[in-house]
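Student: I'd like to go over a predicted model; first the sequence, then the structure.
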Protein chains: 2
Amino acid sequence: MSPINLAIVGVGKIVRDQHLPSIAKNSDFKLVATASRHGTVEGIESFTTIDAMLDAVPDIDAVSLCMPPQYRYEAAHKALSAGKHVFLEKPPGATLSEVADLESLAASKGVSLFASWHSRYAAAVEATKSFLASTTINKVHVIWKEDVRHWHPNQDWIWQAGGLGVFDPGINALSIVTHILPKAIFLTGATLEFPENRDAPIAADLHFKNADGVPVHGEFDWRQTGKQSWDILSDTAAGHMELAEGGSKLSINGELKFSAPEEEYPALYRRFAEIVKAGKSDVDLAPLRHVADAFMLGKRKFVEAFYD
Amino acid sequence: MSPINLAIVGVGKIVRDQHLPSIAKNSDFKLVATASRHGTVEGIESFTTIDAMLDAVPDIDAVSLCMPPQYRYEAAHKALSAGKHVFLEKPPGATLSEVADLESLAASKGVSLFASWHSRYAAAVEATKSFLASTTINKVHVIWKEDVRHWHPNQDWIWQAGGLGVFDPGINALSIVTHILPKAIFLTGATLEFPENRDAPIAADLHFKNADGVPVHGEFDWRQTGKQSWDILSDTAAGHMELAEGGSKLSINGELKFSAPEEEYPALYRRFAEIVKAGKSDVDLAPLRHVADAFMLGKRKFVEAFYD
């Protein structure tokens, strides 16, 4: 099979850091074009709009959409309508309804839609899923606390309404939790802290349970300086489980059981190639649905203004 | 076929006004028990909890759940787990995730789950759907403005986080709009007005479009005194359409085309009997998904405190 001719739309930091190196070492893909208002990739034909790119390069097979979620639907609709496979960066859209619409469109055009959740491909996630399936879970504690000034300096769009705020990293935690737990969880209560000068939350305290009443407590905070925390802990019948460092290290009762080098984006592109070859889509809306539920159910609390 | 032995959980105003008369005149159902903290129905065996009721009356076939949405999941889970068919008042739950979980449970137990949207059964809704399918829609305007003091006097739960506020009536509009429009819509921007002393919005301004860019503007307001408005207007190639009075009257270019007496709840119970007999469920989450999208995407604005 000849490589999948791939185009990237929205050339920013995540593309340079993750997408380009992953594509470069995957022989299933050949990068043939980019579209971005400002960014370009050396040696690759570049355009400033997706329309211009799709018109000029008809042999594009697939498109990775990496712009902020507020602008993703329109581009995805154009690409799918043109018969291209589509890879959506996380979160897959600004609303659940638009992603549901894209899923129908992909099905009707016979192309693949991939709503990617990179953290699900963190090194120790599958080992953790297997461990949890083998025992009884008493409770789960998700701690996702990082310094927004370090990770998202001056990124105004994440603070706009629809930009999701602390759920931008928090949805990574939710993408892991919804993958590793054997039973579905749902929110029973939440508090969202909004800086008084911003339209998106800087912190969230989330209480979920599953049908058996097993509690899952999530603490997301963007004001963490010093040590950063991306940990999922669980008390189980088989001991205390810790999935640390964003899904990369699994320990049971303090003993390291599994770790491996970080390989999330290479795994995402392997998965994208797999679904394109299989002629299917991979769209799991559960992480974004939990975020929407948190905004709908959550109590809003106003806190100190935030300035970059 | 012998009648479906039905129980009602949560005996309040909507049950007395709508459910009881509709059940009484439908020979497919026989009301056999109720469970409610305070309410009872004369001549019907009553309990204060669903657990006590399910234990004491094993020949219940189906349960209508009419308590506030925050308490619905647990009761629905118990009823479905006990092999009962379940009718959910609108909205079907406090979160999208819990309703998705109930849908899976109903499928695994082989019973019917009905997420009811009574406004979809308003008299002129089907005539409007047919009209819109026959023409080109240029734009849609949804005006849902009522006096909360009149319709929900001292109902504190609707003002709590998760109580949905003005989306409690607004979701009726959304249930009609998502049913009558030929193409899916999705939110592109929203403003939600919260009284400064409340955790739920008193007004919402919503901008949707469909894949063709057709704009749908929704105005929901709970501060309307005097004439109440529950109208869906559309400029179409075939003229100006007006679906007025909550879906009961269809006019084109000012000429009344269809109206009939209000029959929403009788139609809901006919539908419930139909899906129970057919062994299927009827769960369309689109209206609640749009509400969740509005909370996620919407800009929050604080307005004057509200006191009953």
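Tutor: Yep, that arrived.
Student: C-alpha only now, for contacts and for neighbours.
Tutor: Will do.
Student: Could you find the closest non-adjacent residue to the residue of the stretch 201-308 of chain A found nearest chain B?
Tutor: Relative to chain B, the nearest point of the stretch 201-308 of chain A is A:L297 (4.0 Å; C-alpha to the nearest C-alpha). The shortest distance from A:L297 to any non-neighbouring residue, by C-alpha to C-alpha, 6 or more residues apart in numbering or on different chains, is to B:G162 (4.0 Å).
Student: I'd say A:T188 and A:N210 touch.
Tutor: No - here A:T188 lies out of contact with A:N210, judged by C-alpha atoms under 8 Å, at a distance of 9.8 Å.
Student: Quick one: neighbours of the closest residue to A:L268 other than its chain neighbours, just the number.
Tutor: The spatially closest residue to A:L268, leaving aside those adjacent along the chain, is A:H118, at 6.5 Å (C-alpha to C-alpha, 6+ apart). Residues near A:H118, counting by other C-alpha atoms under 10 Å in any protein chain shown, number 18.
Student: thought A:H118 was touching A:Y265?
Tutor: Yes - checked against C-alpha under 8 Å, the pair A:H118 and A:Y265 is within contact range at 6.4 Å.
Student: coming back round to it: can you pull the contacts of the residue of the stretch 201-308 of chain A closest to chain B?
Tutor: Taking C-alpha atoms under 8 Å, 6 or more residues apart in numbering or on different chains as the definition of contact, the neighbours of A:L297 are A:187, A:189-190, B:94-95, B:161-163.
Student: Which residues lie in contact with the residue of the stretch 51-200 of chain A found nearest chain B in this structure?
Tutor: Of all residues in the stretch 51-200 of chain A, A:G162 sits closest to chain B, with a separation of 4.0 Å (C-alpha to the nearest C-alpha). A:G162 is in contact with A:70, A:94, A:200, B:296-298, counting by C-alpha under 8 Å, 6+ apart.
Student: what does A:H290 give?
Tutor: Listed by C-alpha under 8 Å, 6+ apart, the contact set of A:H290 reads A:174, A:186-187, B:96-97.
Student: So which bits of the stretch 1-150 of chain A are right by chain B?
Tutor: When proximity is defined by C-alpha under 8 Å from any C-alpha of the partner chain, the stretch 1-150 of chain A lies next to chain B at A:77, A:94-98, A:101.
Student: Can I get these in CSV including distance to A:N26, pLDDT and secondary structure?
Tutor: Supplementary listing: the residues of the stretch 1-150 of chain A next to chain B in CSV, determined by distance: C-alpha to C-alpha, whole Å; pLDDT from 0 to 100; DSSP: H, G, I helix; E, B strand; the rest coil:
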residue, distance to A:N26, pLDDT, secondary structure
A:H77, 26, 97, helix
A:A94, 29, 92, coil
A:T95, 31, 96, coil
A:L96, 31, 97, helix
A:S97, 32, 96, helix
A:E98, 30, 96, helix
A:D101, 30, 94, helix
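Student: tell me the phi and psi of A:E245?
Tutor: phi 60, psi 50 (degrees, to the nearest 10).
Student: thinking again about what came up before, show me which pair in the contacts of A:H290 is furthest apart.
Tutor: The distance between the two most remote of the contacts of A:H290 (C-alpha to C-alpha) is 15.0 Å, for A:L174 and B:L96.
Student: same for the helix or strand harbouring A:A7, what does it pack against?
Tutor: Element membership for A:A7 (DSSP states H and E) is strand A:4-9. The elements that strand A:4-9 packs onto, with contact taken as 3 or more C-alpha pairs under 8 Å, 6 or more residues apart in numbering or on different chains; DSSP states H and E, are strand A:29-35, strand A:62-65.
Student: Go through those and pick out the most buried.
Tutor: Compared across the helices and strands packed on strand A:4-9, strand A:62-65 shows the largest average neighbour count, a mean of 26 (mean count of other C-alpha atoms under 10 Å in any protein chain shown).
Student: now that one, how far from the chain's geometric center?
Tutor: Once both centres are worked out by C-alpha atoms, centre = their mean, to the nearest Å, strand A:62-65 turns out to sit 15 Å from its chain's centre.
Student: That strand: partners in the sheet, and parallel or antiparallel?
Tutor: Each strand that pairs with strand A:62-65, with its direction, by DSSP bridges: strand A:4-9 (parallel), strand A:85-88 (parallel).
Student: Up against chain B, what does the stretch 201-308 of chain A have?
Tutor: Within reach of chain B by C-alpha under 8 Å from any C-alpha, the stretch 201-308 of chain A has these residues: A:211, A:286, A:289-293, A:295-300.
Student: Among those, which are located in helices?
Tutor: Using DSSP state H to define helices, the subset of those located there is A:286, A:289-293, A:295-297.
Student: Farthest pair within those?
Tutor: Comparing every pair within those by C-alpha to C-alpha identifies A:A286 and A:L297 as the most remote, at 15.8 Å.
Student: angle of the helix or strand containing A:K78 against strand A:4-9?
Tutor: Take DSSP H and E as the rule and A:K78 turns out to sit in helix A:72-81. When axes from the mean of the first three to the mean of the last three C-alpha atoms, to 10 degrees is applied, the directions of helix A:72-81 and strand A:4-9 differ by 150 degrees.
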